[in-house]
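1. Give me the fold of what follows.
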Amino acid sequence: TASPCLGSLREWSARASVREIAIGPLTHPEASEMVALLLGAPEAGAALEMAREGAGNPFFLQQLALHEKRGERSLRLSELVRYRVERLPRPAQRFLEVLALARAPLKLTVLRQVADLGDQALAVRSLLSAESLIRAVGVQGEACAIYHDRIGEALAEAVTADERRAYHEALAQALETHGY
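-> Below you'll find the predicted structure:
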């Protein structure tokens, strides 16, 4: 069944006063311009590579440009994601690894159990939300999801086969425990 939020959106969209506006990615020239504006006078090659790597996504372009401004050269989004995550506390890293491997939103109760967060779960969720690495989903934001698929892919790549097996086993147990 659809969520109440989705139902409301469908109702509103049926009204004549609501128009759907498709917002696609920035074009390559627009992305290059955005990077140039964010960096001031960037090296031409770096600006072009960031525009290409950001794939027209303003959030990724901003993150790549801010990283470059800090003197941390990384033209690959996957490297940037891993760089940012490596600097987080280990409980936050586990939270992200579980979400990345699940490839679906998870309730905080499940994340708390699988990532072994204990009473740190709310603090970790707040930190990761503030870092734009996760987002709240669901009617009352009761579940969490990775902010963007490319972030999840970068995180999942870095998880070892042994860690992956352990997380999947713990996730299966938690989902069963919580009635999913």
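
2. what's the burial count for L175?
-> The number of residues packed near L175 is 16, by other Cβ atoms under 10 Å. In short, each C-beta sits where N, CA and C put it, glycine included.

3. when you give positions from now on, start the count at 158
-> Will do, 158 is the new start, and the previous item becomes L332.

4. That one: which element?
-> Secondary structure here is read from DSSP states H and E; on that basis L332 sits in helix 318-334.

5. part of a strand, is R209?
-> No: when DSSP: H, G, I helix; E, B strand; the rest coil is applied, R209 is found to be helix, with no strand at that position.

6. which residues does the residue nearest in space to the middle of the chain contact?
-> Most central residue of the chain, judged by C-alpha distance to the mean C-alpha position with Cα atoms, centre = their mean, is Y304 at 2.4 Å. Contact criterion Cβ atoms under 8 Å, 6 or more residues apart in numbering gives 216, 289-292 as the residues in contact with Y304.

7. and what of V192?
-> V192 touches 199, 204, 207-208, 211, 218, 221-222, counting by Cβ under 8 Å, 6+ apart.

8. Please confirm that it is located within a helix.
-> Yes: assignment of V192 by three-state DSSP places it within a helix.

9. Read off the pLDDT value for it.
-> The predicted structure scores V192 at 88 on the pLDDT scale.

10. Could you report the separation of it from A212?
-> Computed with Cβ to Cβ, to the nearest Å, the distance linking V192 and A212 is 13 Å.

11. Where does the prediction get shaky in the chain?
-> Low-confidence segments of the chain, defined by pLDDT under 70: 158-167, 169-175, 198-201, 231-232.

12. can you map out the helices along it?
-> Listed in chain order, the helices found in the chain under DSSP state H are 161-171, 185-196, 201-211, 215-226, 234-243, 247-259, 265-271, 278-287, 306-314, 318-334.

13. can you list the residues that contact the third one?
-> Judged by Cβ under 8 Å, 6+ apart, the contacts made with helix 201-211 from elsewhere in the structure are 185, 188-189, 191-193, 196, 199, 217-218, 221-222, 225, 232-234.

14. count of neighbours near A259?
-> Applying other Cβ under 10 Å, we find 21 other residues in the vicinity of A259.

15. contacting residues for the residue lying closest to it once chain neighbours are set aside?
-> Leaving out its chain neighbours, the residue that sits closest to A259 by Cβ to Cβ, 6 or more residues apart in numbering is L328, at 6.2 Å. Contact partners of L328, counting by Cβ under 8 Å, 6+ apart, are 255, 258-259, 267, 271.

16. Tell me the one among those nearest to A313.
-> Each of the contacts of L328 was checked against A313 using Cβ to Cβ; the closest is L258, at 5.8 Å.
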